[in-house]
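Engineer: Okay, predicted coordinates and the sequence, questions at the end:
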Amino acid sequence: MTCKLPVDCVLALTYNCNSRCTMCDIWKIKDSPELNPVEFLKLPSSLRDINLSGGEPFLYKNLLMVVRNLKASAPRARLVISSNGFATELIVKKMKEILMVAPDIGVAISIDGIGEMHDEIRGIPRGFDAAMNTISELKKLGMRNLRLAFTVMEKNVNHFSKVYDLSRELGVQFTHSFAQSSEFYFGGKQNMESPRRDLLIKQYEYIISSEFKSWNLKKLARGYFSFGMFKFITSNNPVLSNAPGRDFFFIDPNGEIYPSVVHNVIIGDIKNFKDKKDFVQFWCSTDVERTRQKIDGLKIPVWMVCTARTAIKKHPFSVGWWVFKNKFFGFKLE
Ligand code: SF4
């Protein structure tokens, strides 16, 4: 049996955070551990998507060196930094340097509502203005790979399509996720409330039909991703099987490797590897395969951007058929 190497990962560089979000307690963590940038040279070159996350990743001291090392270890990977966008000056200063070594890198700025709704959720007065200012400053640097990232909650569900429209006005991409629970991520925060189904339907129908007006493959795939997210959040079932711990992994600021942010199973520790070869050996070991069987047994369903991306690529026919049906015979969410 050949061993398949991972293609997607999320790296939480630090748990230090300058936000005060209501749906995440990471900001309450004091003195987060942080890995030395050389650790990232050990990641496998099979990776195609890497998300640099946190906490607030721009608070990680040597972010430039991390990006440099990722470019060296996984040269074919698309890199995106997820930020709350509050520290405009710091972000712009660091991005000026980062763009010199990674001109195609993306930045996703969290926007959870328009104006005061965002400020209330993020716990930062005038946070919306700060995040918008960051986007405008990054645009001035010539950045094109920018996106707004919306976290759906009961409180802000009616702002979902408004932020989607804002992304179109700004000419940037749009992505979304739901406020989730985790035993070890989000500072252990449990988000148990789901938005009302009828409100979700209204928002998703608007967003997906807007994506479907286009012939752009990326937008059509995003429409499918949103459909999958609606199904997942309303039925707890992913529309396609996806494989955390196989295609995807998460590394915390301490170097511990998990299948995803909702699977509380430590697969390994990047600090224990000497180099990339060691990582590959570890990934293909029988020990890790045994851990994967254990993870499968937990039956924790997931549908997140990072896991769904690979699932969508792996199922072009079923995704293509769904898109075809809904684009040509009228879009129906249910
Ligand atoms: S959601 Fe992001 S910005 Fe908010 S506290 Fe958590 S890590 Fe910080």
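Structural biologist: Cool, the structure landed.

Engineer: got the residues of the stretch 1-150 of the chain near the ligand?
Structural biologist: 17, 19, 21, 24, 26-27, 54-56, 84 (C-beta under 6 Å from any ligand atom). Every residue, glycine included, has its C-beta placed from N, CA and C.

Engineer: would you list those in JSON lines and tack on distance to Pro316?
Structural biologist: Listed next are these as JSON lines, based on distance: C-beta to C-beta, whole Å:
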{"residue": "Cys17", "distance to Pro316": "38"}
{"residue": "Ser19", "distance to Pro316": "38"}
{"residue": "Cys21", "distance to Pro316": "36"}
{"residue": "Cys24", "distance to Pro316": "34"}
{"residue": "Ile26", "distance to Pro316": "36"}
{"residue": "Trp27", "distance to Pro316": "40"}
{"residue": "Gly54", "distance to Pro316": "33"}
{"residue": "Gly55", "distance to Pro316": "36"}
{"residue": "Glu56", "distance to Pro316": "36"}
{"residue": "Asn84", "distance to Pro316": "35"}
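
Engineer: In CSV: those, plus distance to Asn36 and secondary structure.
Structural biologist: Output for those, formatted as CSV (distance: C-beta to C-beta, whole Å; DSSP: H, G, I helix; E, B strand; the rest coil):
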residue, distance to Asn36, secondary structure
Cys17, 20, coil
Ser19, 25, coil
Cys21, 28, coil
Cys24, 26, coil
Ile26, 21, helix
Trp27, 24, helix
Gly54, 17, coil
Gly55, 17, coil
Glu56, 19, coil
Asn84, 24, coil
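
Engineer: Pipe those residues into TSV and attach distance to Ala74 and neighbour count per row.
Structural biologist: Putting those into TSV (distance: C-beta to C-beta, whole Å; neighbours: other C-beta atoms under 10 Å) gives the following:
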residue	distance to Ala74	neighbour count
Cys17	26	22
Ser19	28	20
Cys21	29	22
Cys24	27	22
Ile26	25	21
Trp27	29	20
Gly54	20	25
Gly55	22	25
Glu56	23	25
Asn84	25	27
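
Engineer: Can you lay out the residues you listed as TSV showing pLDDT and distance to Leu63?
Structural biologist: TSV is the format used below for those (pLDDT from 0 to 100; distance: C-beta to C-beta, whole Å):
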residue	pLDDT	distance to Leu63
Cys17	97	15
Ser19	97	17
Cys21	96	21
Cys24	93	21
Ile26	94	17
Trp27	95	19
Gly54	92	10
Gly55	95	12
Glu56	98	11
Asn84	98	15
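
Engineer: Kindly indicate which of those lies nearest Leu99.
Structural biologist: Glu56 (19.0 Å; C-beta to C-beta).

Engineer: for the closest one, what are its contacts?
Structural biologist: 14, 16-19, 83-84, 86-87 (C-beta atoms under 8 Å, 6 or more residues apart in numbering).
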